[in-house]
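Student: need a structure here:
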Amino acid sequence: MMLKKKIICGLLAVGTIVSLMAGCGKKEEKKTFTVGFDAEYPPYGYMDENGEYTGFDLELAEEVCKIKGWELKKQPIAWDNKDNELNSGSIDCIWNGFTINGREDAYEWSVPYVDNSQVIVVKADAGINSLSDLSDKVVGVQAASAALELLSDEEGQKELADTFKKLQEFADYNTAFIELQAGSVDAVAMDIGVAQYQISGRGDEFIILDEHLNSEQYGVGFKLGNKEMRDEVNSALKELKSNGKFDELAEKYGLSDMTCLEP
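Tutor: Prediction:
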């Protein structure tokens, strides 16, 4: 009888342990939010002097994850491969100075949060003072960028681009600036926020032409159909605007006069 009781107690103990383990297994894991970004696109996304990925957009993503209880994964991508990364599920969104205009139907878009312009950067002593002065000049641009799309679009600035000697593509704008400095290209077409950042660290060697190519807005791009995640990010962005964190980050990265997010 005593042996039977011991066996029963042993079985009950094992059952309790199994139940506890099963309960632990049911603990909900933190959702991973994978952001695809261009690692050479300051001030929106880049590697700092400590080897860490940072920038205005990445810090915004971090704050969104804090609100939603998500774990952020920063995934650097080749910008001209961004759609493959998104459609394959390798990333949850494209968040890095990503232009909405002209792509409205290609993604699920967050609310716009930055007003942007495409501009032309030249050497201060190049004698190029207007868009018309770019005739027969070599103009650099990042591959798969909004600037390239604008200069290739019949309804955009293709007529202007047709006056160039050459429209030369680069993998990133850091390389384009090196070539501009070396004189291999005469000008670079790019986003104004990135242009201002690049110029700020180079003294008065470069200028932005007063004539802008266009105006546009940035948003976070999600795969078509992913409205649920888009809406969650939207609600968090608006909360960040209301609590002042969005404006704090914009000031940190020198973008205060370009933001357009409403609370």
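
Student: for the top strand by length along the chain, packing partners?
Tutor: If you go by DSSP state E, the chain has its longest strand at strand 114-123. Applying 3 or more Cβ pairs under 8 Å, 6 or more residues apart in numbering; DSSP states H and E, one finds that strand 114-123 contacts helix 146-152, helix 173-182, strand 187-191, helix 192-200, strand 206-208, strand 214-218. Bear in mind the C-beta positions are built from the backbone N, C-alpha and C, glycine included.

Student: any chance of these in JSON lines, with distance to residue 224 too?
Tutor: Below are the helices and strands packed on strand 114-123 laid out as JSON lines (distance: least, Cβ to Cβ, whole Å):
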{"stretch": "helix 146-152", "distance to residue 224": "19"}
{"stretch": "helix 173-182", "distance to residue 224": "28"}
{"stretch": "strand 187-191", "distance to residue 224": "24"}
{"stretch": "helix 192-200", "distance to residue 224": "27"}
{"stretch": "strand 206-208", "distance to residue 224": "35"}
{"stretch": "strand 214-218", "distance to residue 224": "19"}
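
Student: closest one to residue 126 among those?
Tutor: Among the helices and strands packed on strand 114-123, the nearest to residue 126 by Cβ to Cβ is strand 187-191 (7.7 Å).

Student: Only the C-alpha atoms, please, for that closest one, written as CSV.
Tutor: Taking C-alpha atoms only, strand 187-191 is exported to CSV below (Å, rounded to 0.1, in the frame of the first residue of the first chain):
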residue,chain,number,x,y,z
ALA,A,187,27.1,67.6,-59.5
VAL,A,188,25.0,65.2,-57.3
ALA,A,189,21.2,65.0,-57.2
MET,A,190,19.9,63.9,-53.8
ASP,A,191,17.6,64.5,-50.9
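
Student: contact partners of it?
Tutor: 97, 99, 116-122, 126, 128, 134, 137-142, 145-148, 150-151, 173, 176-177, 180, 195, 198, 213 (Cβ atoms under 8 Å, 6 or more residues apart in numbering).

Student: Report the angle between that strand and strand 214-218.
Tutor: For strand 187-191 against strand 214-218, the angle by axes from the mean of the first three to the mean of the last three Cα atoms, to 10 degrees is 40 degrees.

Student: Strand 187-191: which residues count as buried?
Tutor: 187, 188, 189, 190, 191 (16 or more other Cβ atoms under 10 Å).

Student: where along the stretch 1-150 of the chain do the strands fall?
Tutor: Under the criterion DSSP state E, counting those that start in this stretch, the stretch 1-150 of the chain contains strands at 32-37, 40-41, 45-47, 53-54, 71-76, 93-94, 108-109, 114-123, 138-142.

Student: Any chance of TSV for those strands, columns mean pLDDT and distance to residue 237?
Tutor: Shown next, in TSV, are the strands of the stretch 1-150 of the chain (pLDDT from 0 to 100; distance: least, Cβ to Cβ, whole Å):
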stretch	mean pLDDT	distance to residue 237
strand 32-37	98	13
strand 40-41	94	19
strand 45-47	97	17
strand 53-54	98	18
strand 71-76	98	14
strand 93-94	98	12
strand 108-109	98	12
strand 114-123	97	11
strand 138-142	98	26
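
Student: Just tell me which of the ones you listed ends up closest to residue 159.
Tutor: strand 138-142 (13.8 Å).

Student: Nothing else from me, thank you.
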